[in-house]
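*Asks:* Following is a predicted model, sequence given first.
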Amino acid sequence: MANHQTTPLVEDTAEALYVAFELSKAKWKLGFSDGSHRAARVVTVDAPDVEAVDRQILKAKQSFGLREGAPVYSCYEAGRDGFWLHRALTDRGIDNLVVDPASIEVNRRKRRVKTDRVDAVKLLGQLIRYYRGERRVWAVVRVPSEQDEAARQLHRELAVLRNERARHRMRIQSLLFAQGIRVLQQERRRLLTASRGKNVQKVKRLVQLRGIGLESAWVFSMELFAWRQFANRRELAGAVGLTPTPYSSGDTERQQGVSKIGNKRVRTLLVEIAWVWLRYQPDSALSRWFNERFAAGGARLRRIGIVALARKLLIALWRFVEYGVIPEGARLKMV
């Protein structure tokens, strides 16, 4: 989930240490700077040795002539390592940012040099720019609590296993049982029956709508509605990458499509459910809107229309979950 968070500005003259992490499976590359024009200090530590990071931070402060208690600002790209490192850093008093990789600017005019050292230094430069006030230099991921992150693992693991089963149905059938596919499904059924948590209650509300099944309701709740609070529709759409991306140059102004910076899992599912919505909720205002504008067009126009419908459907589902507002013309399942 990408979101531009409010972070205190750091004055140019403030004494601070900036740290950028370039993470890999075996080694971490750390780039250090004090925000001046001096060359960055780049070191390598074993992954996931956080104590080694502590030692390198102290050495960097000494190298740049900073006091031991100087504040530390760090960042790393969201990816395989998840959020455990973010929590470890914040527990140490470090102000850390987890950055959406898709939002990091890339020079497309020439072939890009790609090494961990170069990436760490580039990330370091953008970190400094961010704290100097360039808030749009990238998108910051909103970090879920440990409980909310754990709640998302059930359906994520199920999705991975189902994809593997589709590709290797016969070869890995026994492996699926060994990996606990039945156990995961049973755990979800148990939670739906026994839990009174807000995340499960939102799942139960969503499945009341025709066209919304348990699988999609679970993903929408655990990935988005259960742990995020949204101030408006644009913030909601931005969380899943369904906000338009404008292009303005000279006299040319146009839209380049949606940003795709956000929760890809929810965004992909929304498009699928939008097609299902047209089938099971044909009399709803959303379906009528789509049919009037896009149904008679070609395949390309319908693809554009279904993304627009997905965005409107997302907002309608949010209002239904949060405020109990049934989408106009939509039908609930018979109890």
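*Replies:* Everything's here; your move.
*Asks:* list the helices and strands the longest helix along the chain packs on?
*Replies:* When the chain is parsed with DSSP state H, its longest helix is helix 299-323. Secondary-structure packing of helix 299-323 (3 or more CB pairs under 8 Å, 6 or more residues apart in numbering; DSSP states H and E): helix 198-206, helix 233-239, strand 252-258, helix 264-280, helix 285-293. In short, each C-beta sits where N, CA and C put it, glycine included.
*Asks:* JSON lines for those, including mean neighbour count, mean pLDDT and distance to G35?
*Replies:* JSON lines is the format used below for the helices and strands packed on helix 299-323 (neighbours: other CB atoms under 10 Å; pLDDT from 0 to 100; distance: least, CB to CB, whole Å):
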{"stretch": "helix 198-206", "mean neighbour count": "18", "mean pLDDT": "89", "distance to G35": "41"}
{"stretch": "helix 233-239", "mean neighbour count": "19", "mean pLDDT": "89", "distance to G35": "29"}
{"stretch": "strand 252-258", "mean neighbour count": "11", "mean pLDDT": "58", "distance to G35": "34"}
{"stretch": "helix 264-280", "mean neighbour count": "18", "mean pLDDT": "94", "distance to G35": "33"}
{"stretch": "helix 285-293", "mean neighbour count": "16", "mean pLDDT": "96", "distance to G35": "49"}
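*Asks:* Any chance of CSV for the ones you listed, columns distance to R311?
*Replies:* Listed next are the helices and strands packed on helix 299-323 as CSV, based on distance: least, CB to CB, whole Å:
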stretch, distance to R311
helix 198-206, 17
helix 233-239, 6
strand 252-258, 8
helix 264-280, 8
helix 285-293, 10
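*Asks:* Out of the ones you listed, the one nearest R129 is which?
*Replies:* Proximity to R129 (CB to CB) singles out helix 233-239 among the helices and strands packed on helix 299-323, at 21.0 Å.
*Asks:* Can you give the contact residues for the closest one?
*Replies:* 1-3, 142, 224, 228, 230, 243, 259, 261-263, 266, 311, 314-315, 318 (CB atoms under 8 Å, 6 or more residues apart in numbering).
*Asks:* now stretch 24-35
*Replies:* Residues contacting stretch 24-35 (CB under 8 Å, 6+ apart): 10, 12, 14-22, 40-49, 53, 56-57, 60, 63-66, 80, 116-117, 119-121, 123-124, 128, 132.
*Asks:* Which members of these are classed as buried?
*Replies:* Buried subset of the contacts of stretch 24-35 (neighbour count, 16 or more other CB atoms under 10 Å): 10, 15-22, 40-45, 47, 53, 56-57, 60, 64, 66, 116, 119-121, 123-124, 128.
*Asks:* What about the contacts of stretch 24-35, which are in helices?
*Replies:* Using DSSP H, those in helices are 53, 56-57, 60, 63, 116-117, 119-121, 123-124, 128.
*Asks:* And these, which two are furthest apart?
*Replies:* S63 and D119 (21.2 Å).
*Asks:* Show me what the helix or strand harbouring N96 is packed up against.
*Replies:* Per DSSP states H and E, N96 falls inside strand 95-99. The contact analysis (3+ CB pairs under 8 Å, 6+ apart) places strand 95-99 against strand 72-77, helix 84-91, helix 116-131, strand 140-141.
*Asks:* residue with max distance from the center of this protein?
*Replies:* G65 (37.1 Å; CA atoms, centre = their mean).
*Asks:* show me the contacts for it.
*Replies:* By CB under 8 Å, 6+ apart, the contact set of G65 is D34.
*Asks:* Would you mind measuring from it to D34?
*Replies:* 8 Å (CB to CB, to the nearest Å).
*Asks:* Check A226 too.
*Replies:* Counting by CB to CB, the gap from A226 to D34 is 41 Å.
*Asks:* sorry, back to before: please read off the pLDDT at the residue farthest from the centre of the chain from the model.
*Replies:* On the pLDDT scale, G65 is placed at 93.
*Asks:* Can you tell me how far it is from S36?
*Replies:* For G65, the distance to S36 - CB to CB - is 10 Å.
*Asks:* now do L286
*Replies:* L286 is 54 Å from S36, where distance means CB to CB.
*Asks:* Now P48, what are its backbone angles?
*Replies:* phi -110, psi 70 (degrees, to the nearest 10).
*Asks:* SS state for the nearest residue to Y280 once chain neighbours are set aside?
*Replies:* Spatial nearest neighbour of Y280, chain neighbours left out: G211 (3.6 Å); criterion: CB to CB, 6 or more residues apart in numbering. Using DSSP: H, G, I helix; E, B strand; the rest coil, the structure places G211 in coil.
*Asks:* which ones are touching V307?
*Replies:* So V307 contacts 242, 257-258, 271, 274 (CB under 8 Å, 6+ apart).
*Asks:* among those, which two are most distant?
*Replies:* Spatially, the most separated pair among the contacts of V307 is G257 and A274, at 15.7 Å (CB to CB).
*Asks:* Just the pLDDT for S248.
*Replies:* Reading off the model, S248 has pLDDT 46.
*Asks:* what about stretch 93-101, how long is it end to end?
*Replies:* 24 Å (CA to CA, to the nearest Å).
*Asks:* Would you mind pulling the contact partners of it?
*Replies:* Under CB under 8 Å, 6+ apart, the answer for stretch 93-101 is 2, 5, 7, 19, 71-79, 83, 85-86, 89-90, 123, 127, 130, 138-141, 143, 261-262.
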